[in-house]
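Asker: no FASTA, just this:
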């Protein structure tokens, strides 16, 4: 399966798994990552919600844009706020790139 994300007219696509360079085993992109917390939300949608969070758009705007439950959007935003509060400098660097 391939995940496709369109941001500002730019199309990004990538497989939803990665292979270990030494043993060649497949592993989900969600493994040991932020994305494992939201297994029922498509990876592309999560990336777009993160973009809304970084752009400081409201949770209501994100919920309407992606037709997701406002409670789920709130949970994602809280999780991102928690990550950024632990190491704000790392968070700023990650979201600037």
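Answerer: Structure received. Everything numeric here is computed off the predicted structure, so don't read it as measured data.
Asker: residue 46 sits in which helix or strand?
Answerer: For residue 46, the element it lies in under DSSP states H and E is helix 43-54.
Asker: buried residues in the next helix or strand after that helix?
Answerer: Elements were assigned by DSSP H and E; along the chain past helix 43-54, the next helix or strand is helix 59-66. For helix 59-66, the neighbour count (16 or more other CB atoms under 10 Å) marks 59, 62, 63, 66 as buried. The way it works is simple: take the backbone N, C-alpha and C, and place the C-beta from them, glycine included.
Asker: repeat that for stretch 71-86.
Answerer: Neighbour-count burial for stretch 71-86 [16+ other CB under 10 Å]: 72, 73, 76, 77, 80, 84.
Asker: got it, and stretch 45-54?
Answerer: So, applying 16+ other CB under 10 Å, buried residues of stretch 45-54: 45, 46, 48, 49, 50, 52, 53.
Asker: using a markdown table, please lay out those together with distance to residue 31.
Answerer: As requested, these are arranged in a markdown table below (distance: CB to CB, whole Å):
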| residue | distance to residue 31 |
| --- | --- |
| 45 | 19 |
| 46 | 15 |
| 48 | 21 |
| 49 | 20 |
| 50 | 18 |
| 52 | 25 |
| 53 | 22 |
